[in-house]
Every structure is written in C-alpha cells, then in structure tokens.
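**Q** from the sequence below, what's the structure:
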Amino acid sequence: GLALIKMKTEQCAGGMNITSDYGKGTKLTYWFTHDNIDRPPLGDIETTILMACTKKENIDLKYEHITDKGEYVFDTKEIKNILEGLPITNITIQKALKELIKNKLLEISVNE
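**A** Below you'll find the predicted structure:
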C-alpha cells in the first residue's frame with residue numbers, strides 16, 4: 001500500500017513522508033496537486049477512517065484533511081474523551097461518527 005501511495009503522489013506533483021517514534025506511533029503524510037489529471041478519486045473517506053480506527057479500542061488515529069476551503073481533523077483521542085468510556089467500536093457510535101465525518105468533509109469541499 002505505501003509504495004502505491006508514494007507512486008501516485010509523485011505522479012501527481014505531490015509527495016509522501018512517513019515518520020515513526022517508538023512507543024508513540026507512526027505518522028503518514030501525503031499530498032496531491034488537486035487539479036492534476038492523474039490524481040485518483042479519494043473515494044469513501046469516512047468509511048476508510050472508521051475501518052482503520054474502530055476495529056479495536058486501543059487504536060488511535062488522527063486524520064487531517066486540508067483544502068482551499070478549510071481544514072478538518074478527526075482524532076480518536078478527542079473522540080474517546082468525548083465518549084467518556086463508551087466504546088468507539090459500538091455500531092451506533094460508528095454510524096454517528098460516519099455521518100459527522102461525511103458532513104465535515106462536505107463543509108471543506110473535499111470531493112469538488
């Protein structure tokens with residue numbers, strides 16, 4: 001997966017950076033030139049985020065998306081604090097989070 005992301009970003013005048021701190025986690029950053037003809041469609045971002053962070057309680061994920069219209073940050077540490085012990089793996093919570101992510105991404109015009 002990482003090699004494919006790197007290749008796609010480079011084809012679209014973008015790039016990729018990955019850093020890892022033992023015991024703290026791994027950070028993957030990648031970017032594309034928005035109007036590049038080779039930029040792939042982003043697809044169903046909200047489902048991808050939820051699949052990555054709701055399968056196990058001990059997974060933390062921070063997703064940042066920046067467009068010309070604004071920025072959206074989804075951070076499971078913040079979400080878990082708000083939930084006050086309710087499991088992020090709960091299907092009702094997952095549905096609410098999916099709707100939240102979808103609406104926030106629409107606000108910053110992600111798929112335009």
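
**Q** now what about the helix or strand residue 100 falls within, what contacts it?
**A** In this assignment (DSSP states H and E), residue 100 forms part of helix 91-107. Contacting residues not belonging to helix 91-107 are listed as 45-47, 49-50, 54, 65, 69-70, 72, 74, 79, 83, 86-88, 111 [Cβ atoms under 8 Å, 6 or more residues apart in numbering]. Heads up, the C-betas are built off the backbone N, CA and C, glycines and all.

**Q** same check on stretch 72-81?
**A** Judged by Cβ under 8 Å, 6+ apart, the contacts made with stretch 72-81 from elsewhere in the structure are 49, 53, 59-65, 88, 97, 101, 104-105, 107-108, 110.

**Q** about what we covered before: out of the contacts of helix 91-107, which end up buried?
**A** Taking 16 or more other Cβ atoms under 10 Å as the criterion, what is buried in those is 45-46, 49-50, 54, 65, 72, 74, 79, 88.

**Q** low-scoring stretches of this protein, by residue?
**A** Under the criterion pLDDT under 70, the flagged ranges of the chain are 112.

**Q** report the contact partners of the residue nearest in space to the middle of the chain.
**A** Within the chain, the residue whose C-alpha comes closest to the C-alpha centroid is residue 63; the distance, by Cα atoms, centre = their mean, is 3.6 Å. Shown in contact with residue 63 (Cβ under 8 Å, 6+ apart): 49, 73-75.
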